[in-house]
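**Q** Starting from these lines, generate the structure:
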Amino acid sequence: MIIWLTIIGMALVTLATRTLPLLALRGELPPWLSRWLSFVPVAVFTALVVPPLLIASDPSRMVVGPQLLAGLVGALVAWRTGNVLLTIAVGMATFWLLRMF
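**A** So this is what the prediction gives:
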């Protein structure tokens, strides 16, 4: 019985955290909130991309390896061209070349 009460309680908390903001923010979002939410994708992308570029197989130390250099080259290509496919191709080619040497 305690398991079912726990599951129902978790479901209610999940429902509340998803519906209350929607009910409170009906209509147009305030400008400060729209601006704040515009930074969420950049923060999530950074959190996903940066650790694999900086952390080697030994997580206790940071190294400059082929993954970081290829990431920097890919970032430069993305910044200059804005082309996603070219960025991926150049970044992967750079990574493979650096791994060979």
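**Q** tell me the contacts of Ala70?
**A** Gly91, Met92, Thr94, Phe95, Leu98 (CB atoms under 8 Å, 6 or more residues apart in numbering). Where C-beta positions appear, they are placed from N, C-alpha and C, glycine not excepted.
**Q** Report the central residue of this protein.
**A** Phe45 (2.4 Å; CA atoms, centre = their mean).
**Q** Phe39 versus that residue, what's the distance?
**A** 11 Å (CB to CB, to the nearest Å).
**Q** Ok, Thr46 next?
**A** Thr46 is 10 Å from Phe39, by CB to CB.
**Q** Could you give me the buried positions within the least confident helix or strand in the chain by mean pLDDT?
**A** Least confident helix or strand of the chain, by mean pLDDT, DSSP states H and E, is helix 40-54 with a mean of 85. Under the neighbour-count criterion of 16 or more other CB atoms under 10 Å, helix 40-54 has Leu53 buried.
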